[in-house]
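> Sharing a sequence plus its predicted fold:
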Amino acid sequence: MLTLALDIATTAAILFIVSAGLLIVFGVMKIINFAHGALITAGAYAALVGMRLGLPAWMAPFLAFMVGGLLGMAIESVVVRRLYRRPLDAILATWGLGIVLGQAVIVGFGREVQFVAAPVAGTIGLGGTDYSLYRLLLVAAALAIGIGFTFVLNGTRLGLSTRAVILNETLAEGLGINAVFVRFLTFGIGSGLGAAAGALITPLASVDPNMGIPWLINAFMLVMVSGSALSTLAVACLVLGGMQVVISTFVSPILGGLAIAVLAAIALRLRPEGFARA
Amino acid sequence: MTIKRSAAILGLVLATIAGNALAADPIRIGVPVGLSGANSVVAPGVVQASELAVAEINARGGVLGRPLELVVADDGSGAAGAQKAFDSLIFQKKVDVLISMETSAARNAALPIVARGKVPYIYTSFYEGRSCSPYMYVNAWVPEQQVPPIVDYFAGELKAKKYFLIGSDYAFGRGMLAFTKAYIGKTGGSVVGEEYLPMDGTDWTAIISKVKASGADALVTSTAGGAPNVTLTKQLRAAGVNLPYGNLAVDEGTAKGMGGDATGIFISASYVTGIESPANKAFLAAMQAKFGGELKTPNDLTVPQYEAIYAYKAAVEKAGSAKADDVLKALGSVAVDGPRGTIAMSAQHHAPLTMYLGQVQPDGSVKVISSFKDVTPGAQCPDLKS
């Protein structure tokens, strides 16, 4: 029973880490960044490069955040900036960009699976069972990301401007807020978070050029049901991730793998606003 | 007089043509292989092994005085690509033989084309078994050969009774584990859990918790190669699972890529680089000399390719010609010495093979624990003669 609870908590944490960057971009810009999967991949390869350079493993997520952030800012200013009024084209453009990034990774590193060392290994005894220490660390990482960004949004000037742009962009611009710059920065931060997620999951995932795609699909469904707040994303991760674990444990892992996509679709059918309050 | 002279001239001309043909006309070997797509990781190694075999044979005067020529075609690792590649090799390039590894889907799609072209085909990939065609010979393993070494070792040396099986949800994964389950039953063990994840699944959390709760003494997995295999192994290790772990889908290269997490994994193969035989050492040295830094580590898919080209050479020499019918008759009866030992495709178009049980060492190399001589493939194609 405790194992099940831990499985649910850690699965939700991993989903939250992977989806947070996508949600932040979606919240501010109302576009879905389909290059998010490729940014996850890029972050994992940043961790690989960091390891080859001899950097300590705990630095990998920060290095990945910087790489992803710079990539995101470049993508925003070259491609996405022109497509805010055409969200469908933005989906196509970011999906295409994802393919280009994936191919760039293949050119640079080859198709094969790469190995990245984990910062911690082994298990820890918890109430009679032993559980993967790294998975528990990911819960802490998810909390740090959630609390950190809640603070940035609610406690800083940038956060205030961002919330103004989310609520009413025209009015915010009328008040002298530089919406273009807010978007630029938000896209960079969202991309950086995606890449950091890639680095964080490397000890549990295979590092290969297509590793981001399955994560992108789950992150997309979770963001669709969460609207634009990190708190609703956390609820969605716990509920849908929890259902995935429960179905995998008691019914079949094959059905469990479909749980998030199917349940998210059902949730949206019954309640179009998803987990958001209105 | 004129008739005699004409006949003499004609004879001379014919002799010259035939003579030239003997000296220059190459025997063409078609190699349809997945240079792009899922097989693109292993395909370059297959091409290297083919190039070495052809270069060695040509350096020693070819086959019946004719040089060998490779014709490589990309099949895109899929069924549709394979149909195009086989069609073009057989009917446009007019190859004399096809020798390659393929996915099962691609092989099944291509066999009708092979039958239409009536060309011998040597299949060099391990597979789930029971694919039969009068034109196809197989020199790689089937489940009957790969699974017993691991299960016998677990049951005998490690006294395992309760097994947990994990696989990817596709024909090869399920087929291998179905055979494994039946075989475990024969050794007196029991299967306490059997779980599958879709081929692109990466989250093994629930399955791993089940493994830990099941009280199993050994684990056997058969996932799709590459990513699923790596994620499963990493997550098992992160969760502290240290049961004896037999992996039916890992090769030496992938094991090396997984680093420390692969340590201790048991693999069963007809080829590992650590085989202590003069033939294997000579082969590895020749590969190293020919390809140097570009060398892809030889494995259970590339070495059978190398040996199959020698098997074809032996069959042509025994038949005395490269004519398809004669070669097909000879292929089942010739034996060749190669890195994997002496191999003949004599058992219903399949080959008895010496299987090696290996364990991955901390440095990523594979140490041979024991070998099982000439394991029979069993009754693969009872309807085929020989």
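Okay, I see it. Numbers count the residues shown, from 1 in each chain, chains lettered A, B, ... in the order given.

> Please, where are all the strands along the stretch 51-200 of chain A?
A:123-126, A:129-132 (DSSP state E, counting those that start in this stretch).

> The residue of the stretch 51-200 of chain A found nearest chain B and residue B:244, how far apart?
Closest contact between the stretch 51-200 of chain A and chain B, by Cβ to the nearest Cβ, is at residue A:123 (3.6 Å). Bear in mind the C-beta positions are built from the backbone N, C-alpha and C, glycine included. Between residue A:123 and residue B:244 the computed distance is 18 Å (Cβ to Cβ, to the nearest Å).

> out of the strands of the stretch 51-200 of chain A, nearest to residue A:26?
Among the strands of the stretch 51-200 of chain A, the nearest to residue A:26 by Cβ to Cβ is strand A:129-132 (30.5 Å).

> which helices and strands sit right next to that closest one?
If you count contacts as 3 or more Cβ pairs under 8 Å, 6 or more residues apart in numbering or on different chains; DSSP states H and E, strand A:129-132 packs onto helix A:2-29, strand A:123-126.

> 10 Å instead?
helix A:2-29, strand A:123-126, helix B:205-214, helix B:227-238 (3 or more Cβ pairs under 10 Å, 6 or more residues apart in numbering or on different chains; DSSP states H and E).

> And the pLDDT at residue 151?
This is for chain A. Here the pLDDT value assigned to residue A:151 is 91.

> um, chain B though
Looking at residue B:151, its pLDDT reads 94.

> what's the answer for residue B:105, then?
Model confidence at residue B:105, expressed as pLDDT, equals 85.

> Might you report the residue contacts of it?
Applying Cβ atoms under 10 Å, 6 or more residues apart in numbering or on different chains, we find residue B:105 in contact with B:77, B:78, B:79, B:80, B:82, B:170, B:171.

> Which among those count as buried?
Taking 16 or more other Cβ atoms under 10 Å in any protein chain shown as the criterion, what is buried in the contacts of residue B:105 is B:77, B:78, B:79, B:82, B:170.

> my read: the third one touches residue B:103, true?
Which is residue B:79. Yes - using Cβ atoms under 10 Å, residue B:79 makes contact with residue B:103 at a distance of 8.1 Å.

> Which residues are in contact with each of those two?
Each of residue B:109 lies in contact with both residue B:79 and residue B:103 under the rule Cβ under 10 Å, 6+ apart.

> which stretches of the stretch 1-150 of chain B form helices?
Using DSSP state H, counting those that start in this stretch, the helices of the stretch 1-150 of chain B run over B:2-24, B:43-59, B:79-87, B:104-117, B:143-156.

> worst average pLDDT in those?
Sorting those by mean pLDDT places helix B:2-24 lowest, at a mean of 54.

> hang on, the earlier thing: who are the neighbours in contact with the residue of the stretch 51-200 of chain A closest to chain B?
Contacts of residue A:123 (Cβ under 10 Å, 6+ apart): A:129-136, B:212, B:237-241.

> Comparing the strands of the stretch 51-200 of chain A, which comes out most buried?
Compared across the strands of the stretch 51-200 of chain A, strand A:129-132 shows the largest average neighbour count, a mean of 20 (mean count of other Cβ atoms under 10 Å in any protein chain shown).

> In the sheet, which strands lie alongside it, parallel or antiparallel?
Taking DSSP bridges as the criterion, strand A:129-132 forms sheet pairs with strand A:123-126 (antiparallel).

> Show the average pLDDT along the strand it pairs with.
Averaging pLDDT along strand A:123-126 gives 84.

> what about residue B:51, how many neighbours?
Residue B:51: 18 surrounding residues under other Cβ atoms under 10 Å in any protein chain shown.

> likewise the one 4 residues further on?
Neighbours of residue B:55 under the rule other Cβ under 10 Å: 14.

> Equivalent analysis for residue B:326, please.
Counted with other Cβ under 10 Å, the neighbours of residue B:326 add up to 16.

> Quick check: which ranges of the chain have low pLDDT?
Unless you meant another one, I'm taking chain A. Scanning chain A for pLDDT under 70 picks out the ranges A:277-278.

> Please refer instead to chain B.
B:1-24, B:385-386.

> Closest to the centroid, which residue in it?
Against the mean C-alpha coordinate of chain B, by Cα atoms, centre = their mean, the closest residue is residue B:125 at 2.6 Å.

> ok, residue 158 - contacts?
Defaulting to chain A. Taking Cβ under 10 Å, 6+ apart, we find residue A:158 in contact with A:152, A:181, A:182, A:185, A:186, A:189.

> if you could check chain B rather than the one you did, that'd help
By Cβ under 10 Å, 6+ apart, the contact set of residue B:158 is B:217, B:218, B:243, B:244, B:266.

> How about the secondary structure of the third one?
Read it as residue B:243. Following DSSP: H, G, I helix; E, B strand; the rest coil, residue B:243 is assigned to coil.

> Excluding chain neighbours, give the residue nearest to it in space.
Sequence neighbours aside, residue B:219 is the residue nearest to residue B:243 in space, at 4.8 Å (criterion: Cβ to Cβ, 6 or more residues apart in numbering or on different chains).

> can you pull the buried residues of the helix or strand in which that neighbour is found?
For residue B:219, the element it lies in under DSSP states H and E is strand B:218-222. For strand B:218-222, a neighbour-count test (16+ other Cβ under 10 Å) marks B:218, B:219, B:220, B:221, B:222 as buried.
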